[in-house]
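Visitor: okay, predicted coordinates and the sequence, questions at the end:
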Amino acid sequence: MAYITLLSVIVVAAVIIIVERLERNKRLPGYLRPLPGPKGLPVIGSVHELPERNSWMKFHEWGEKYGSIYQVNLAGVNHVWITRDSVAHDLLSKRSAIYSDRPFIPALEQDNRTSGQYLPLMSRNDKWTRQRKFAKQIMDTSEKASFYGYPELESIRLLFELMTKPLEYNVAMESFIARVTSRLAWGTATPSDELKQRARELLVGVSPSGALGNKLPFIMSLPEQLASAKAWEARRSRTEKKFFETMQDEVRDSMHANNFPKPAAAPLFSAPRSRPSWMRMFLERKPSWGFASELEGAFAVGMHGIAGALTIAAPMQSFCLALCHYPQYQPILHEEVDRVLGDRMPTFEDMAHMPVLRAFIRETLRWRPPVPTGIPHEVIQDDMYNGYHIPAGSVIHPLEWSISRDPKVFLEPDEWNPMRWLEAQYPTYQEPLNKYPTITQYSQFGYGRRICQGMGVTEADLFVGLGSVAWLFSMGKDEPEPEVVLEPETEPEIMQQPALYQAQAEERLPGLSPPVSPTTKTRSHHRVLSSEQLFFEQNAERIKRRSWRSSEVSFACSQGEEESSTISSDGGSDVGDADPIKTALSRLTLNRNDSAISIPGEFPVLRIEVAPPAPPATPLEHKSRQPSPARSPPQASASASTSAVDKSMDKEDPTMNFSTLLIAKPLPFKFNLQIRNKERARMVARKWAELKVEGEFEDARIYWGDGKSTAGNKEFGWGEVCT
Ligand code: HEM
């Protein structure tokens, strides 16, 4: 084995050296220059200069040095990096006829350019053309139907999970996106965990810093027994195909059921699987898509599921990061949310009336782009641009991190400042405000013929999801609460303001506030929401006694209150112990995996962690800045655009901890999540419980290992994923 490996390395190295020499000897005509860029070493080029983490920061730094377009040799492949929107448009949009191919990804089992499996990774061929047409149709149709209300439905579960398990906020947000996308793809949220895992594994497969086959492509030509990375990919690929086929079969089967309603007639809260979905659209109009096989349809739909599950959760998490590090803007968002929505949760239809929420979302995508390096194109013939030669076969990257930081467009580019979209003195401001700011047609979604097909879904998910979060919660840095240590002489003053003191305490999670005593010294690092416990205790008792009414749920929200709200969607009529109760109970599955209910005796506990004291001065401290409509925007400065590099690389920037794959997702961090309004919290809990009883929020399903374990067997199952 060692012999074969050594031989392969020597052959690959020899080929690279020969190709490099031939390239160097190619003479350019006098009017053309090679693009600037780092020189690098023979064979490996500049690979050794790339940092392990946040590699886009190095490309950003090179952009500062070499200009808006430059080239880098990475292991024999010419990579062209574009750091300005205008250059990306000139090449990728205006010359899209030659700039719309995709590079080969060595670590995938099948050739990504021709296999027809993943639309975003295909070459521009017949499969791409028909699948792109299909993608446009399913997106347009579902958008016209306001994405079937799925984001609104799942946002109830999102809020409930955040209330009950705030420390797992990242799981709740990822699950929200995966569930909405699963519903869109197949009409049910039960595959959401599997979809998340399929997305993670594919992300490893396609990321330059992920699968070993992308770093050492020759291993993909070795037998599986000798190359575990190849065996991993083979299992990933088999599992994905099986999953997509299973889901396609299930939707087909459900369509053949006699009582299956037509899409227009399917009410939002009808039984799962009778819902509209992209797969259903595929099956209903199969001949019109011109696909080669049903399998092509299974992938065309499954790939959209993966594309959604992969990307949208990242900005949701960055939003939390931004709100915690730039707290001065939060009240502006809360003001809009309260004024426009009052006591109801946001819907897709509120979009036009909420420019502040849209500005927060737009700014988050700019500040921490989910795909910082962009998705690469490949140029299929030699080209020239501003006197520079761009060789055929070069991999072209619109470097979103830099494009979003052009100091001429984005003043103080490293600052998260949503006001740049809302105040006329900023160059980014655009009217009318019922349309702008918007994330559609934004450079983060790519250029030209390959532009992202999921902008509408992304906007709907982020708007409804983050709008709901802002409606119920405020968030803040995980800092210790100021200790209330009362000197004897100050006591009378505080005692004179008990209402204020109580109000501050009550603003935290209802029921969270301990009995307020101004002389209490805060020592505990954990706070327990015992009202939640009470809620589950009550419900668990009811379940045990089998005394649930089909549509009645009792919820006590606050420890301090004796009340318990009883909601009855049927006007309060008591159905007693008739059959509907049993039906409701049989649909209420309770197990340890359930996100919120546990078996009696093992109640979930809400803890809010209070951090140990924060380090003295973090690089991002913006508390002094007050958002003000009258404030003049800062002037652009040459140094402004470099500060990201300084901040994240030289000093430890707490907002720059990302997973290292192609999608930049902030690593989980601690922060305080506080419920802003008790009545809203009650309402969410009631709705959640009603829908749970109705069977709406089913548990995620396990597909492998007889439905008991995701690890599966040799053939199918979850692979290890390092992020
Ligand atoms: C934050 C969310 C998202 C971001 C940042 C994003 C970003 C991108 C980018 C950069 C591209 C490549 C564009 C180019 O090559 O010029 C792309 C392509 C694509 N995206 Fe997205 N995307 C997101 C969400 C979605 C969602 C939710 C879907 C579908 C459900 C989706 C479906 C696609 C498809 C089908 C393509 C391939 C287009 C083609 O190659 O012809 N994306 N996306």
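Guide: Great, that's in hand.
Visitor: show me what from the stretch 151-300 of the chain comes close to the ligand.
Guide: Residues of the stretch 151-300 of the chain lying near the ligand by C-beta under 6 Å from any ligand atom: none. C-beta here means a position set from N, CA and C on the backbone, and glycine is covered the same way.
Visitor: and the chain, by the same measure?
Guide: Within the chain, the positions lying close to the ligand (C-beta under 6 Å from any ligand atom) are 119-120, 132, 135, 304, 307-308, 311-312, 315, 370-371, 374-375, 377, 444-447, 450-454, 457-458.
Visitor: restricted to strands, list these.
Guide: Of the positions in these, residue 377 sit in strands, assigned by DSSP state E.
Visitor: out of the residues of the chain next to the ligand, which end up buried?
Guide: By neighbour count, with 16 or more other C-beta atoms under 10 Å, the residues of the chain next to the ligand hold 119-120, 132, 135, 304, 307-308, 311-312, 315, 370-371, 374-375, 377, 444-447, 450, 452-454, 457-458 as buried.
Visitor: which SS state does residue 672 fall under?
Guide: Assigned by DSSP: H, G, I helix; E, B strand; the rest coil, the conformation of residue 672 is strand.
Visitor: neighbours around it, how many?
Guide: By other C-beta atoms under 10 Å, 20 other residues sit near residue 672.
Visitor: pLDDT of stretch 43-58, averaged?
Guide: The pLDDT scores in stretch 43-58 average 91.
Visitor: kindly report the same for stretch 160-173.
Guide: Across stretch 160-173, pLDDT averages out at 95.
Visitor: for it, buried residues please.
Guide: So for stretch 160-173, counting by 16+ other C-beta under 10 Å, buried means 160, 161, 162, 163, 164, 165, 166, 167, 169, 170, 172, 173.
Visitor: repeat that for stretch 135-143.
Guide: For stretch 135-143, by 16+ other C-beta under 10 Å, it's 135, 137, 138, 139, 142.
Visitor: pull the residues that contact that stretch.
Guide: With contact meaning C-beta atoms under 8 Å, 6 or more residues apart in numbering, stretch 135-143 is reached by 119, 148, 184, 276, 278, 281-282, 300-301, 304, 453-454, 456-457, 460.
Visitor: excluding chain neighbours, what is closest to residue 240?
Guide: Of all residues not flanking residue 240 in the chain, residue 198 sits nearest, at 5.5 Å (C-beta to C-beta, 6 or more residues apart in numbering).
Visitor: ok, that neighbour - contacts?
Guide: Contacts of residue 198 (C-beta under 8 Å, 6+ apart): 239, 240, 243, 302, 305, 306, 309.
Visitor: what's the next secondary structure element after the strand or helix carrying it?
Guide: Residue 198 is part of helix 192-206 when elements are defined by DSSP states H and E. Downstream of helix 192-206, the first helix or strand assigned by DSSP H and E is helix 212-215.
Visitor: contacts for that following helix?
Guide: If you take C-beta under 8 Å, 6+ apart as the criterion, helix 212-215 is touched by 105-108, 206-209, 219-220, 229-230, 233.
Visitor: what's near enough to touch whatever residue of the stretch 151-300 of the chain ends up closest to the ligand?
Guide: Going by C-beta to the nearest ligand atom, the ligand is nearest to residue 181 of the stretch 151-300 of the chain, at 6.4 Å. Contacts of residue 181 were listed using C-beta under 8 Å, 6+ apart, and they are 192, 195, 304, 305, 308, 309, 312, 457.
Visitor: and what of residue 54?
Guide: Shown in contact with residue 54 (C-beta under 8 Å, 6+ apart): 648, 656, 658, 660, 664.
Visitor: check the gap between the residue nearest to residue 311 when sequence neighbours are not counted and residue 658 for me.
Guide: Closest residue to residue 311 apart from its sequence neighbours, by C-beta to C-beta, 6+ apart: residue 370 at 5.3 Å. Noted for residue 370: a distance of 10 Å to residue 658, by C-beta to C-beta, to the nearest Å.
Visitor: can you give me the helices for the stretch 351-500 of the chain?
Guide: Using DSSP state H, counting those that start in this stretch, the helices of the stretch 351-500 of the chain run over residues 355-367, 400-403, 455-472, 491-495, 498-506.
Visitor: ditto for the stretch 1-150 of the chain
Guide: Using DSSP H, counting those that start in this stretch, helices in the stretch 1-150 of the chain cover 2-25, 56-66, 85-88, 96-99, 126-144, 150-164.
Visitor: where's the closest residue to residue 106 other than its chain neighbours relative to residue 71, distance?
Guide: Nearest-residue entry for residue 106: residue 217, 3.6 Å, with adjacent residues in sequence omitted and distances by C-beta to C-beta, 6+ apart. Separation of residue 217 from residue 71 (C-beta to C-beta) stands at 20 Å.
Visitor: check residue 135 too.
Guide: Residue 135 sits 32 Å away from residue 71, going by C-beta to C-beta.
Visitor: what do you get for residue 276?
Guide: From residue 276 across to residue 71, the span is 47 Å (C-beta to C-beta).
Visitor: OK, contacts around residue 333?
Guide: Counting by C-beta under 8 Å, 6+ apart, residue 333 touches 356, 357, 360, 418, 470.
Visitor: what pLDDT is listed against residue 477?
Guide: Per-residue pLDDT puts residue 477 at 88.
Visitor: I'd say it and residue 327 touch.
Guide: Yes - A contact is recorded between residue 477 and residue 327 when judged using C-beta atoms under 8 Å, the distance being 7.3 Å.
Visitor: still on that earlier bit, among the contacts of helix 212-215, which ones are buried?
Guide: Among those, those scoring as buried are 105, 106, 107, 108, 206, 207, 208, 219, 220, 229, 230, 233 (criterion: 16+ other C-beta under 10 Å).
Visitor: farthest pair in those?
Guide: Greatest spatial distance in the buried ones among the contacts of helix 212-215: 208 and 230, 17.3 Å, computed using C-beta to C-beta.
Visitor: quick revisit: nearest to residue 47 among the contacts of residue 181?
Guide: Set against residue 47, the nearest of these by C-beta to C-beta is residue 309 (30.4 Å).
Visitor: that closest one and residue 250, how far apart?
Guide: Separation of residue 309 from residue 250 (C-beta to C-beta): 18 Å.
Visitor: quick one, which of the two is more surrounded?
Guide: Ranked by neighbour count (other C-beta under 10 Å), residue 309 and residue 250 place residue 309 first, with 28 against 17.
Visitor: how about the more buried one, what does it touch?
Guide: Residue 309 makes contacts with 174, 177, 178, 181, 182, 192, 195, 196, 198, 199, as judged by C-beta under 8 Å, 6+ apart.
Visitor: could you redo those residues as a markdown table and give each row distance to residue 696?
Guide: Shown next, in a markdown table, are the contacts of residue 309 (distance: C-beta to C-beta, whole Å):
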| residue | distance to residue 696 |
| --- | --- |
| 174 | 20 |
| 177 | 18 |
| 178 | 16 |
| 181 | 17 |
| 182 | 13 |
| 192 | 14 |
| 195 | 18 |
| 196 | 20 |
| 198 | 23 |
| 199 | 23 |
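Visitor: looking at these, spot the one nearest residue 52.
Guide: Closest approach between those and residue 52, by C-beta to C-beta: residue 199, at 22.7 Å.
Visitor: could I get the average pLDDT for stretch 375-384?
Guide: For stretch 375-384, the per-residue pLDDT averages 97.
Visitor: first vs last residue of it, how far apart are they?
Guide: This stretch, stretch 375-384, spans 22 Å end to end (C-alpha to C-alpha, to the nearest Å).
Visitor: quick one: contacts for whichever residue of the stretch 301-450 of the chain sits closest to the ligand?
Guide: Evaluated by C-beta to the nearest ligand atom, the stretch 301-450 of the chain has residue 446 as its residue closest to the ligand, separated by 2.1 Å. If you count contacts by C-beta under 8 Å, 6+ apart, residue 446 has them with 92, 374, 375, 398, 452.
Visitor: re the thing from before, of the contacts of residue 198, which is the nearest to residue 98?
Guide: Distances from residue 98 to the contacts of residue 198, taken by C-beta to C-beta, are shortest for residue 306, at 28.4 Å.
Visitor: thanks again, I'm all set now.
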